[in-house]
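S.K.: Have a look at this prediction, sequence included:
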Amino acid sequence: MFEYILRLLPALLSGLEVTLKVFFLTLVISIPLGILVALGRLSKIKPLVFLVELYIWVMRGTPLLLQIVVIFFGLPIVGITFDRFPAAILAFVLNYAAYFGEIFRGGIESIDKGQYDAAKVLGFTPAKTFTRIILPQMIKIVLPSVANEVITLVKDTSLVYVVGLGELLRAGKIASNRDASLVPLIVVGVFYLALTAVLTAVFQKLEERYSYFQ
Amino acid sequence: MILSVEGLYKSFKGKPVLNDINFQLGQNEILAIIGRSGVGKTTLLRCINNLVKCDRGTIIVDGMYLCKDDNGSTTYAKPAQMLQIRKKLGLVFQNFNLFPHMSVLGNIIEAPINVFGASKSEAENKAMELLEMLDLGDKANAYPFELSGGQRQRVAIARACALNPKIMCLDEPTSALDPELREGIALIIEKLARDGMGILIITHDMNFAKRVAHRIIFMDEGRIIKESSKEEFFNNIENERIKSFVMMD
């Protein structure tokens, strides 16, 4: 049994690599984009608010799988073509930025309006008010919701199989079919659990780091 | 005069909140604006600190026009000028609005460093000086949530003082204080006035106004009903509205 698992590892690890790439790239791009989405949603420019709301509605209102399919198979019809990997990343980023945007918006809105007044009388520009006063307080508020979203993302990465990318779950499924065994899928499950355990620990540390103020 | 307000009007949704407000504040002077809640005291304070725009009026801060009424059209200072005006104005909010994610010291040095370009050591020295003066020398590294209401208020005063303002505004300074702490804040206010600031206090605490103010303005329904020295104010109250307000307390 042990030897069988060892033989599975190379294929599973190369699947894991794809999974991790999708995961990290999505996070690194969609979190800053989510902040922009939140700011757009809270903006005073009515048409911008409308566009952002429309975008959030579409992204949250349709399955991520469908979005990946549309970007990879649908957009070429109108002449926009992506390779598999960029298509998957684009779909994930657009989808997750919408969710993060709503989380960040909630965080920003829950900050006391008096903080803006205090910043204003001290001469802060709106940009400095956001980066120095609002953002640090927002991060503390949104950490638990972001942790949730990030853990969901780990598992959502398995959807990229639809454009033919060999991520972790797909690698497991191939081995499982070939060997008529459930073992590869169980090993894959253990991989996901290990990933989410690490992430849970990371977010716990982050929450501790932000516990110095209330 | 260090602050002068002329013909100030403000309304919210057609309902007048400030109606032809005129008054002045001098150096070393403590002026208390009193009146019931909802008569426009806080709106007046917010207009003076440019947290809300007036509909019409002139406000002059240490010789600079914050806004200027010119035959009914009011123009506000340009951003660069406004920043200079902000430096002259300190405001201590009713609930202090300290930055919870910054230490006491961080709260005080944030604006001098990040807005007005002071060096870190310069800002810190000034902050420590203020904290010593306010008896908070040992709290520099504490966070706002670790402080009592009275301590938070003194941090807010220190933060407002860090830019060397000429005018210090305090919104209901006794509302969060136990009675025994009132004397402490009165002494601080008196010291700031002695050192040259003009102090503008908004309060409905008659006893506190009586204790600390040199001059009193009574506001009702968006207007100034009476303006006089403290002695005169409390010695002959003929206006029924004022009488009922003073008796109530």
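M.R.: Everything's here; your move.

S.K.: Can you give me the neighbour number for the residue lying closest to residue A:5 once chain neighbours are set aside?
M.R.: In this structure, residue A:5 finds its nearest non-sequential neighbour in residue A:187, 6.0 Å apart by C-beta to C-beta, 6 or more residues apart in numbering or on different chains. Using the backbone N, CA and C atoms, a C-beta is placed for each residue, glycine as well. When neighbours are counted by other C-beta atoms under 10 Å in any protein chain shown, residue A:187 registers 19.

S.K.: From the contact counts, what lies against the strand or helix carrying residue A:187?
M.R.: Here residue A:187 sits within helix A:183-209, counting by DSSP states H and E. Judged by 3 or more C-beta pairs under 8 Å, 6 or more residues apart in numbering or on different chains; DSSP states H and E, helix A:183-209 is in contact with helix A:2-42, helix A:135-156, helix A:168-179.

S.K.: These: which one's closest to residue B:27?
M.R.: The minimum distance between residue B:27 and these falls on helix A:135-156, with 37.3 Å, by C-beta to C-beta.

S.K.: relative to helix A:183-209, how tilted is that closest one?
M.R.: Here helix A:135-156 points in a direction 170 degrees away from that of helix A:183-209 (axes from the mean of the first three to the mean of the last three C-alpha atoms, to 10 degrees).

S.K.: what's the average pLDDT for helix A:135-156?
M.R.: Averaging pLDDT along helix A:135-156 yields 97.

S.K.: and chain A, which residues reach chain B?
M.R.: Counting by C-beta under 8 Å from any C-beta of the partner chain, chain A comes close to chain B at A:112, A:114-115, A:117-118, A:120-124, A:128, A:132-133, A:136-137, A:140, A:212-214.

S.K.: change it to 6 Å
M.R.: In this structure, chain A approaches chain B at residues A:114, A:117, A:118, A:121, A:122, A:123, A:133, A:136, A:137, A:213, A:214, judged by C-beta under 6 Å from any C-beta of the partner chain.

S.K.: can you list the residues you listed in JSON lines and add neighbour count and secondary structure?
M.R.: Output for these, formatted as JSON lines (neighbours: other C-beta atoms under 10 Å in any protein chain shown; DSSP: H, G, I helix; E, B strand; the rest coil):
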{"residue": "A:114", "neighbour count": "14", "secondary structure": "helix"}
{"residue": "A:117", "neighbour count": "17", "secondary structure": "helix"}
{"residue": "A:118", "neighbour count": "26", "secondary structure": "helix"}
{"residue": "A:121", "neighbour count": "25", "secondary structure": "helix"}
{"residue": "A:122", "neighbour count": "26", "secondary structure": "coil"}
{"residue": "A:123", "neighbour count": "21", "secondary structure": "coil"}
{"residue": "A:133", "neighbour count": "22", "secondary structure": "helix"}
{"residue": "A:136", "neighbour count": "15", "secondary structure": "helix"}
{"residue": "A:137", "neighbour count": "20", "secondary structure": "helix"}
{"residue": "A:213", "neighbour count": "16", "secondary structure": "coil"}
{"residue": "A:214", "neighbour count": "10", "secondary structure": "coil"}
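
S.K.: about what we covered before: what's the closest of the helices and strands packed on helix A:183-209 to residue B:24?
M.R.: So among the helices and strands packed on helix A:183-209, helix A:135-156 is nearest, using C-beta to C-beta, at 38.7 Å.

S.K.: buried stuff in the closest one?
M.R.: Residues A:135, A:137-143, A:145-147, A:149-151, A:153-154, A:156 are the ones in helix A:135-156 that count as buried (16 or more other C-beta atoms under 10 Å in any protein chain shown).

S.K.: Likewise for stretch A:91-110?
M.R.: Using 16+ other C-beta under 10 Å as the test for burial, stretch A:91-110 gives A:91-105, A:107-108.

S.K.: hmm, back to that, the helix holding residue A:187 to helix A:168-179, inter-axis angle?
M.R.: Going by the same axes, to 10 degrees, helix A:183-209 is angled at 160 degrees with respect to helix A:168-179.

S.K.: what's the distance between the residue lying closest to residue A:64 once chain neighbours are set aside and chain B?
M.R.: Leaving aside its sequence neighbours, residue A:64 sits nearest to residue A:95 (C-beta to C-beta, 6+ apart; 5.1 Å). From residue A:95 across to chain B, the span is 31 Å (C-beta to the nearest C-beta, to the nearest Å).

S.K.: In contact with residue A:95, which residues?
M.R.: By C-beta atoms under 6 Å, 6 or more residues apart in numbering or on different chains, residue A:95 lies in contact with A:59, A:64, A:67.

S.K.: give me the element it is part of.
M.R.: Using DSSP H and E, residue A:95 falls in helix A:84-109.

S.K.: Helix A:135-156 and that helix, what's the angle between them?
M.R.: If you take the same axes, to 10 degrees, helix A:84-109 sits at 140 degrees to helix A:135-156.

S.K.: quick one, helix A:84-109 and helix A:2-42 angle?
M.R.: Angle of helix A:84-109 versus helix A:2-42, following the same axes, to 10 degrees, is 50 degrees.

S.K.: helix or strand for residue B:129, which one?
M.R.: Using DSSP H and E, residue B:129 falls within helix B:120-133.

S.K.: Quick one: name whatever helix or strand follows that helix.
M.R.: Next element after helix B:120-133 (DSSP H and E): helix B:149-161.

S.K.: mind listing what's buried in that following helix?
M.R.: Across helix B:149-161, burial judged by 16+ other C-beta under 10 Å covers B:150, B:151, B:152, B:153, B:154, B:155, B:156, B:157, B:158, B:159, B:160, B:161.

S.K.: Pick out the lowest-pLDDT one from the residues you listed.
M.R.: Among the buried residues of helix B:149-161, residue B:150 carries the lowest pLDDT, at 92.

S.K.: any weak-confidence spans in chain A?
M.R.: Across chain A, nothing is flagged by pLDDT under 70.

S.K.: Likewise for chain B?
M.R.: B:247-249.

S.K.: What helix or strand is the residue nearest the centre of chain B located in?
M.R.: Centroid-nearest residue in chain B, with C-alpha atoms, centre = their mean: residue B:169, separated by 1.0 Å. Assigned by DSSP H and E, residue B:169 belongs to strand B:167-171.

S.K.: Name the strands paired with that strand and say parallel or antiparallel.
M.R.: Sheet pairing of strand B:167-171 (DSSP bridges) gives strand B:89-92 (parallel), strand B:198-203 (parallel).

S.K.: Out of the helices and strands packed on helix A:183-209, which is closest to residue B:73?
M.R.: For the helices and strands packed on helix A:183-209, proximity to residue B:73 was assessed by C-beta to C-beta; helix A:2-42 is nearest, at 31.2 Å.

S.K.: Check which helices and strands the helix or strand that the closest one is followed by sits against.
M.R.: On the C-terminal side of helix A:2-42, the nearest following helix or strand under DSSP H and E is helix A:46-61. Contacts defined by 3 or more C-beta pairs under 6 Å, 6 or more residues apart in numbering or on different chains; DSSP states H and E place helix A:46-61 against helix A:2-42, helix A:84-109.

S.K.: Now the element after helix A:46-61, going C-ward?
M.R.: Next along the chain after helix A:46-61, taking DSSP H and E as the criterion, comes helix A:64-69.
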